[in-house]
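**Q** I'd like to go over a predicted model; first the sequence, then the structure.
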Amino acid sequence: MEIEIRDATEADLPKLNSIVNNPEVCRFLDVEFPVEFSATQGLYHAVLENKENSWFWRVASIDGELVGSLTIMPKAKGTKRAHVADLGIMVAKDFWGKGVGKALMLDAEEKMKTAGIVRIQLEASEKNKRALALYESAGYNKEGQLKSATMTDGKLCDSIVMGKIL
Ligand SMILES: CC(C)(COP(=O)(O)OP(=O)(O)OC[C@H]1O[C@@H](n2cnc3c(N)ncnc32)[C@H](O)[C@@H]1OP(=O)(O)O)[C@@H](O)C(=O)NCCC(=O)NCCS
């Protein structure tokens, strides 16, 4: 099973919107279910508009089917945090546990090193055990815990802050 990774294009947006519109995928993301197509489109245009800040939207496919997505959003160039990037990831529910998330994380590291990024950071709900395991297996360290910083299943939850120095 070969996982191919490339930049997202506008033609991918309907599929990306359908992947996020699964309650189990949405459960741990910041967006509320259902996610309007215009929101997916808005994110795509924000990534394009921040190309000079090295924003990327990478997608993974298996046998030509788009199955996962990762966004990299470094802080603005010319600031003291320009070396820091935030990362967001999702994989289509039917393809969980097949290494797609890990492949996207490794690909992102290469892109970020090339872009001069030194630090990648992210936050995950304390309940998101699968994501926390993925990040740990990709070499991220737990750096802190933000009390009641997110909502999971309608309840306040802590966010785990994780980071990796490249
Ligand atoms: C979190 C998510 C991206 C993981 O993607 P994935 O493709 O299933 O992850 P992988 O198959 O690459 O697994 C990577 C690691 O996760 C862990 N993992 C895999 N299957 C697991 C399972 N059933 N239970 C717990 N951990 C598991 C393993 O540690 C694995 O590392 P390894 O390959 O070194 O053994 C995916 O489940 C998802 O999209 N979830 C919903 C959206 C989301 O939560 N995004 C992150 C918000 S912070």
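**A** It's in. The shown structure was predicted, so the numbers you read here are calculated from the model rather than taken from an experiment.
**Q** From here on, just use CA atoms for contacts and neighbour counts.
**A** OK.
**Q** Contacts made by the helix ranked longest in the chain with the rest, please.
**A** Under DSSP state H, the helix in the chain containing the largest number of residues is helix 100-114. Residues outside helix 100-114 that contact it (CA atoms under 8 Å, 6 or more residues apart in numbering): 3, 5, 58-60, 67-70, 72, 89-91, 118, 134, 138, 166.
**Q** That one near the ligand anywhere?
**A** Yes - counting by CA under 6 Å from any ligand atom, the ligand has neighbours in helix 100-114: Val100, Gly101, Lys102.
**Q** Can you lay out those residues as a markdown table showing neighbour count, distance to Leu156 and pLDDT?
**A** A markdown table is the format used below for the residues of helix 100-114 next to the ligand (neighbours: other CA atoms under 10 Å; distance: CA to CA, whole Å; pLDDT from 0 to 100):
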| residue | neighbour count | distance to Leu156 | pLDDT |
| --- | --- | --- | --- |
| Val100 | 24 | 29 | 98 |
| Gly101 | 25 | 26 | 98 |
| Lys102 | 15 | 28 | 98 |
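**Q** For the longest helix of the chain, buried residues please.
**A** Buried residues in helix 100-114, counted by 16 or more other CA atoms under 10 Å: Val100, Gly101, Ala103, Leu104, Met105, Asp107, Ala108, Glu109, Lys111, Met112.
**Q** hmm, back to that, out of the contacts of helix 100-114, which are inside strands?
**A** Secondary-structure check on those using DSSP state E: residues within strands are 3, 5, 58-60, 67-70, 72, 89-91.
**Q** Now the two most distant members of these.
**A** Using CA to CA, the pair of those lying farthest apart is Ile3 and Ile72, separated by 19.0 Å.
**Q** More neighbours: which of these two?
**A** The neighbour count for Ile3 versus Ile72, taken as other CA atoms under 10 Å, is higher for Ile72 (22 against 19).
**Q** for Ile160, what are its contacts?
**A** Neighbouring residues of Ile160 by CA under 8 Å, 6+ apart: Glu123, Ala124, Ser125, Glu126, Lys142, Glu143, Gly144, Gln145, Leu146.
**Q** Okay, helices next: where are they in this protein?
**A** For the chain, the helices defined by DSSP H occupy 13-20, 23-26, 37-49, 100-114, 129-137.
**Q** pLDDT of the shortest one, averaged?
**A** Computed over helix 23-26, the mean pLDDT rounds to 97.
**Q** what's the answer for the last one, then?
**A** When pLDDT is averaged over helix 129-137, the result is 98.
**Q** what is the orientation angle of it with helix 100-114?
**A** Counting by axes from the mean of the first three to the mean of the last three CA atoms, to 10 degrees, helix 129-137 points 40 degrees away from the direction of helix 100-114.
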